[in-house]
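J.: structure, please.
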Amino acid sequence: MIIFPQEVLYSKVLIGSLIKVMQEALLVLNASDEIEIANQAAADIFGSPEAEHLLQRNIRELYASPEDADKKNAFFREEGHSDKWEDPFVRDDGRVFVASYSITVTRDTESGKLFKIILLQDVSEQRRYTQMIAEYTHSLEKNNKELDQFAYIVSHDLKAPLRAISNLSSWLEDDLGPSLSGENKDNLATLRGRVKRMEALINGILEYSKVGRENVASETVDVNKLLEDIVELLSPPPHIRVNILPAMPCIETPRILLHQVFSNLISNAIKYNDKEAGRVSVGFTEKESAFEFWVEDNGPGISPEYHETIFVIFRTLQARDKYESTGIGLTIVKRILAAVGGTINVESKVEEGSKFIFTWPKTNPEQRNHEKP
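T.: Predicted coordinates for the structure are as follows:
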């Protein structure tokens with residue numbers, strides 16, 4: 001095909017315009033590896049005021065390390081296209097940066113000479129962020145291992161003496177028998193109560209530390225059966241009735257997490273209920289992307305000013321001597337819900353009972369209720 005002069009001119013203008021607007025740095029080398037064409041992006045990446053400042057320079061001058069240039073020498077001699085490389089290059093001001101680049105070697109059909117096309121991108125910031133993420137991940141893994149080690153120490157080295165104290169107090173009570181006064185018996189009972197509270201506190205701290213750090217496998221959870229198991233385990237006193245609404249859903253979710261949330265909320269509803277005929281109700285509403293569960297009681301209620309405080313770790317509204325409480329339960333609940341992407345809030349007034357409402361996201365958008373026969 002014959003290319004007329006005006007077509008040649010048009011092609012040159014078109015190619016020149018494309019080179020100027022390219023985002024990647026472009027270098028075209030001659031057979032001697034000298035730069036014959038460079039765009040403005042190349043000038044920017046190498047810190048040159050204009051692209052012309054790069055012309056006639058040998059590509060070896062731009063490598064930060066002569067060894068890296070030697071390793072790529074073979075790719076400048078054979079026709080073809082190289083994969084992406086990453087090497088340090090040097091700017092005009094002497095600063096070193098890392099570039100990701102490819103090399104394409106082709107032959108001019110008219111002159112028969114080789115020329116090389118190099119496309120580069122500065123990846124120094126990307127490499128720096130990658131390194132920072134790697135260091136942060138390593139640090140996080142190290143901290144998690146130290147936390148696990150701490151949990152082990154707490155579990156074994158602190159619980160053992162607590163059990164010993166509890167056992168000793170029981171033995172003293174058995175040995176002294178009738179000689180113990182009523183006050184001394186009460187004191188020993190109080191001591192054992194404090195030991196149980198301390199052990200519960202340790203268990204609560206351990207559970208709190210694990211939330212969000214351990215990957216828990218999902219399984220199909222029949223919420224109705226889960227709630228029945230929780231109520232049986234909690235063994236509410238005869239004067240408190242727990243009512244579970246029928247047709248609770250089946251959910252694909254980590255069972256232990258949902259168990260902890262319900263267990264803490266129902267346990268609190270039972271523990272703090274001050275009515276002669278206590279009532280606790282559990283129900284749900286299905287939303288588009290989540291199940292909205294609620295645990296409601298007819299207990300003493302909570303003043304609105306404390307609706308946020310109750311979720312703060314170690315905070316309790318009742319005297320610890322009146323109710324054995326660690327002040328961690330609701331904090332664990334909130335942390336679990338934050339980890340799974342749910343929310344929790346409370347509706348309550350003094351002497352009007354409390355209603356804790358939490359959302360549990362659906363892991364499967366098609367998940368729907370399964371009514372029990």
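
J.: at which residues are the helices of the stretch 51-200 of the chain located?
T.: 66-71, 124-153, 159-176, 182-210 (DSSP state H, counting those that start in this stretch).

J.: for Thr359, which of these is the nearest?
T.: helix 182-210 (20.9 Å; C-beta to C-beta). Any C-beta I mention is one placed from the backbone N, CA and C, and that applies to glycine too.

J.: the helices of the stretch 51-200 of the chain: which one's closest to Thr106?
T.: Per C-beta to C-beta, nearest to Thr106 of the helices of the stretch 51-200 of the chain: helix 66-71, 20.6 Å.

J.: what residues of that closest one count as buried?
T.: Ala69 (16 or more other C-beta atoms under 10 Å).

J.: who's in contact with that helix?
T.: Helix 66-71 has contacts (C-beta atoms under 8 Å, 6 or more residues apart in numbering) with Ile59, Arg60, Tyr63, Asp87, Pro88.

J.: isn't the last one right up against Phe97?
T.: Yes. With contacts defined as C-beta atoms under 8 Å, Pro88 counts as touching Phe97 at a distance of 7.0 Å.

J.: between these two, who's got more neighbours?
T.: Taking neighbours as other C-beta atoms under 10 Å, Pro88 and Phe97 compare with Phe97 leading, 18 against 14.

J.: from Gly301, how far out is the closest residue to the more buried one other than its chain neighbours?
T.: Distance criterion C-beta to C-beta, 6 or more residues apart in numbering; nearest residue to Phe97, sequence neighbours excluded, is Ser124 at 4.4 Å. To Gly301, Ser124 is 60 Å away according to C-beta to C-beta, to the nearest Å.

J.: okay, these two: which has more neighbours?
T.: Neighbour totals were compared for Ser124 and Gly301, and Gly301 leads with 19 against 14 (other C-beta under 10 Å).

J.: quick one: contacts for the more buried one?
T.: Ser348, Lys349, Val350, Glu351, Glu352, Gly353, Ser354.

J.: doesn't the fourth one belong to a helix?
T.: Same thing as Glu351. No. Going by DSSP: H, G, I helix; E, B strand; the rest coil, the assignment for Glu351 is coil, not a helix.

J.: just the pLDDT for the closest residue to it other than its chain neighbours.
T.: Distance criterion C-beta to C-beta, 6+ apart; nearest residue to Glu351, sequence neighbours excluded, is Gly301 at 5.3 Å. On pLDDT, Gly301 comes in at 86.

J.: with distance to Pro254, pLDDT and neighbour count added, can I get the contacts of Gly301 in CSV?
T.: CSV is the format used below for the contacts of Gly301 (distance: C-beta to C-beta, whole Å; pLDDT from 0 to 100; neighbours: other C-beta atoms under 10 Å):
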residue, distance to Pro254, pLDDT, neighbour count
Ser348, 28, 86, 21
Lys349, 34, 85, 11
Val350, 36, 85, 11
Glu351, 37, 83, 10
Glu352, 34, 84, 13
Gly353, 30, 89, 22
Ser354, 26, 92, 23
